[in-house]
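**Student:** got a predicted structure plus its sequence, pasted below:
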Amino acid sequence: MKTTPSYRADIEGLRALAVVLVILYHYDVPGITGGFIGVDVFFVISGFVITQLLQRAFEKGTFQFRDFYARRIRRLVPLFLLVSTVTFLMISPFYIGDAYYIFAKSWLSSLVGLSNIYYFQELSQYFAPETRSLSLLHTWSLAVEEQFYLIWPLALYLAYRFGKGRDGHWPFRITLAATFALSVYLAGAYPSAAYYLLPARLFEFMLGTGVALFSRQLPTLNRPSAEILAGLGLAMIIATGLLLTKHDHFPGYNALWPTLGTAMVIYAGLHQTRTLTARLLSLPVMVFLGGISYSLYLWHWPILIFTLAYTGAPTADFATGALVIAASVLLAMGTVRLLEKPVQASPRSFHATTIAAVSAVLAAVLVVGAISWDHFIRQSVADLQATSTLDPALYPGALALTKGNVPDDAEVVPELFSAPEDLPQSTIDGCIADFETTDVLSCEYGDTLASRTVALAGGSHAEHWLTAVDLLGREQGFRVVTFLKMGCPLTAGHMVLLGDNEYPGCVEWSRAALDRMGELRPDYVFTTSSRPREQGPGDYTPDWYIDVWNELASYGIEVLGVRDNAWLAREDVAYRAIDCLADGGDATSCGMRRSDALDAVNPTLAASFRQPAVLPLDLTNALCDTAVCRVIEGNVLIYRDEHHLTATYMRTMAPELGRQIAAATGWW
């Protein structure tokens with residue numbers, strides 16, 4: 001017989017399974033390569049539970065939007081404020097560089113339920129912070145849920161009031177089909193959008209809502225059928241958690257395994273409550289973990305981040321991980337007992353009122369602090385970007401190396417907290433294709449009316465030269481046309497890697513960019529001509545760079561090949577100059593030995609013998625002395641991250657770059 005129990009222990013068990021998968025994945029437990037699918041299990045459960053709740057309220061005529069959203073606020077806001085405040089107090093002693101700024105932005109976006117959009121934008125950028133430095137990163141999935149809770153009650157209400165059969169089927173069918181198709185498309189074309197944004201995840205909620213909406217029309221399951229369906233569903237969830245990897249397209253088709261599996265378990269439980277699967281999920285330990293799953297999910301990530309920051313280790317070993325998980329469980333138990341249950345049970349009690357008042361004051365303080373800090377950073381960056389020239393006597397930058405202009409000590413510019421925002425104009429203008437864009441974006445700089453043209457093309461290591469090339473173009477009368485894509489040096493068919501993964505979008509974009517340059521026929525293409533060795537010290541010029549130069553030569557285009565700068569790394573681990581300096585290092589100790597970063601001879605010289613149309617440029621003597629590549633020269637900070645140069649320092653390199661371009665081209 002079909003039943004619709006208001007409480008189901010097996011659903012609590014599903015919540016427990018979901019949060020355990022996520023925690024084990026985040027703690028790098030071997031074998032749990034797809035544990036991130038735990039959030040997808042949560043999404044299906046949320047779709048089912050909220051739809052069932054709404055159905056009952058609509059049928060009884062008791063639903064009120066105000067009460068619904070008030071309960072959501074009471075459940076989410078006080079606990080989030082507590083966890084985020086404790087997180088800040090724990091981790092702030094380890095914050096260096098721009099970490100306070102990042103926390104303020106992520107906290108504010110989390111509070112208003114937009115953290116998934118914030119992290120989508122932040123982590124889609126080439127200069128994105130490491131995920132292990134984002135102590136509120138896990139709130140992206142909570143934001144997705146809250147956005148669903150914002151739109152679905154209204155959609156279902158309208159369907160009940162105006163839809164045929166008063167059952168909400170028509171928005172379900174349309175939404176399920178459309179959002180699944182969108183998810184499949186985005187998972188292949190724009191994976192970060194598919195991962196973080198609600199439209200690509202909405203079909204997962206819809207699977208849960210479908211169980212609630214159609215349960216009265218679908219066939220009744222006998223015991224054997226329910227056993228098979230529930231067992232298969234549970235196996236699909238567990239198998240996906242064990243077999244899926246972060247390199248697989250997700251969500252898309254791959255998300256069907258855990259989400260359909262969850263829907264199958266829920267549907268089977270509507271008919272038979274004593275299947276083997278239901279009994280396993282209803283074990284006391286599973287029900288207990290399911291009951292604290294929300295609090296446990298909120299606590300486990302910041303506790304892990306604090307532990308890694310305290311130990312300095314990249315991951316937690318078994319003993320440390322076990323202790324941290326135990327601490328997370330204890331904190332979750334405490335917050336459920338002392339915060340969640342009292343507020344939910346008696347929203348007008350003195351306890352709940354006090355918590356609400358404290359939460360409101362705390363939220364106001366943190367909001368004002370976050371907005372003030374954000375304004376301060378933005379103003380500092382705006383002032384920095386508005387400063388096109390510095391006092392050369394006090395801030396010679398590269399001239400300290402190339403001309404021997406050694407200044408008196410002064411405050412370093414840009415300041416450490418604003419250095420990551422000291423960007424080339426093309427990034428500010430949105431004129432560099434992101435990782436997922438294969439369309440060629442093109443902008444003009446320098447003297448845009450000049451007849452002479454330089455195309456500045458490639459990835460971000462070509463882009464950060466734009467500041468100096470733009471300045472020279474305006475001074476010497478040539479146009480600069482950009483062809484830029486994040487993480488993508490020009491390639492004529494060679495498959496570029498992005499981290500450990502192939503980067504097919506780079507190949508497609510490069511083909512289009514080379515065709516565009518063949519049509520434009522600039523006088524020169526300015527691009528990078530070397531890169532760090534993957535194994536061992538020094539730099540080299542890959543053969544596939546020469547393939548690009550050969551193609552450009554076939555169009556009659558010469559190449560201004562600029563040698564790449566040193567990339568900051570110790571024992572193959574990259575580090576940011578601003579973090580090292582904020583941690584007590586100095587210009588030299590935070591730098592690198594030149595011999596570790598660069599070959600004794602510019603590798604472009606030998607490569608240019610194979611392609612005479614390449615004119616080598618080598619600015620490494622404006623970045624390093626004979627022994628060390630420091631991170632500060634002439635009171636100017638060189639690096640804005642691990643390997644990109646600040647726009648401020650790049651402006652001080654313009655005289656030496658101009659001298660070398662003039663010698664190569666004879667333009668001035």
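**Tutor:** All right, it came through fine.

**Student:** centre-most residue in this structure?
**Tutor:** For the chain, Leu123 is the residue whose C-alpha lies nearest the centre (C-alpha atoms, centre = their mean; 2.0 Å).

**Student:** shouldn't that residue be in contact with Ser192?
**Tutor:** Yes. Taking contacts as C-beta atoms under 8 Å, Leu123 lies within contact range of Ser192: 6.6 Å. (Glycine included, C-beta is placed from N, CA and C.)

**Student:** next, the buried residues of the one helix or strand Gly47 maps to.
**Tutor:** Following DSSP states H and E, one finds Gly47 within helix 38-60. Neighbour-count burial for helix 38-60, with 16 or more other C-beta atoms under 10 Å as criterion, is recorded at 38-55, 57-58.

**Student:** apart from its chain neighbours, what residue comes closest to Val287?
**Tutor:** Nearest residue to Val287, sequence neighbours excluded (C-beta to C-beta, 6 or more residues apart in numbering): Glu12, at 4.7 Å.

**Student:** next up, the contacts around the one you found.
**Tutor:** Glu12 makes contact with 281-282, 286-287, 290-291, 293, according to C-beta atoms under 8 Å, 6 or more residues apart in numbering.

**Student:** save these as CSV, and put in distance to Pro414 and neighbour count too.
**Tutor:** Formatted as CSV, the contacts of Glu12 follow (distance: C-beta to C-beta, whole Å; neighbours: other C-beta atoms under 10 Å):
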residue, distance to Pro414, neighbour count
Leu281, 55, 25
Ser282, 58, 19
Met286, 53, 20
Val287, 54, 17
Gly290, 49, 25
Gly291, 49, 19
Ser293, 44, 24
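
**Student:** take those residues and keep only those in helices.
**Tutor:** For those, membership in helices holds for 281, 286-287, 290-291, 293, with DSSP state H as the criterion.

**Student:** surely Met236 meets Pro258?
**Tutor:** Yes. With contact taken as C-beta under 8 Å, Met236 and Pro258 are classed as touching, separated by 6.5 Å.

**Student:** these two - which one has more neighbours?
**Tutor:** The neighbour comparison of Met236 against Pro258 (other C-beta atoms under 10 Å) goes to Pro258, with 31 against 19.

**Student:** can you give me phi and psi for the more buried one?
**Tutor:** The phi/psi pair for Pro258 (degrees, to the nearest 10) reads phi -70, psi -30.

**Student:** wait, it touches Thr240, no?
**Tutor:** Yes. In this structure, Pro258 sits in contact with Thr240. The criterion is C-beta under 8 Å, and the distance is 4.5 Å.

**Student:** shared neighbours, those two?
**Tutor:** Common neighbours of Pro258 and Thr240, counting by C-beta under 8 Å, 6+ apart, are Ile37.

**Student:** quick check: domain ranges of this structure?
**Tutor:** Using automatic domain parsing, the domain parsing of the chain gives 9-366, 422-567+599-623+650-665.

**Student:** check these for me: which has the lowest mean pLDDT.
**Tutor:** Of all those, mean pLDDT reaches its minimum on domain 9-366 (a mean of 87).

**Student:** off-centre distance for it?
**Tutor:** 18 Å (C-alpha atoms, centre = their mean, to the nearest Å).

**Student:** likewise stretch 546-563?
**Tutor:** Averaged C-alpha coordinates place stretch 546-563 at 34 Å from its chain's average position (C-alpha atoms, centre = their mean).

**Student:** show me where the stretch 351-500 of the chain has strands.
**Tutor:** Counting by DSSP state E, counting those that start in this stretch, the stretch 351-500 of the chain forms strands over residues 444-446, 453-458, 479-484, 497-498, given from the N-terminal end onward.

**Student:** chain center to the last one: distance?
**Tutor:** Computed by C-alpha atoms, centre = their mean, the separation of strand 497-498 from the middle of its chain amounts to 16 Å.

**Student:** strands paired with it, and their directions?
**Tutor:** Strand 497-498 sits in its sheet next to strand 501-502 (antiparallel), going by DSSP bridges.

**Student:** next SSE after the partner strand?
**Tutor:** Tracing the chain C-terminally past strand 501-502 and defining elements by DSSP H and E, one meets helix 504-520 next.

**Student:** what's the helix or strand just after that following helix packed up against?
**Tutor:** The element immediately downstream of helix 504-520 (helix or strand, assigned by DSSP H and E) is strand 524-528. For strand 524-528, the contact count by 3 or more C-beta pairs under 8 Å, 6 or more residues apart in numbering; DSSP states H and E identifies strand 453-458, helix 460-463, strand 558-562 as packing neighbours.

**Student:** closest to Asp641 out of the ones you listed?
**Tutor:** helix 460-463 (9.9 Å; C-beta to C-beta).

**Student:** out of everything not next to it in sequence, what's closest to Asp625?
**Tutor:** Computed as C-beta to C-beta, 6+ apart, the closest residue to Asp625 that is not its neighbour in sequence is Leu401, at 6.4 Å.
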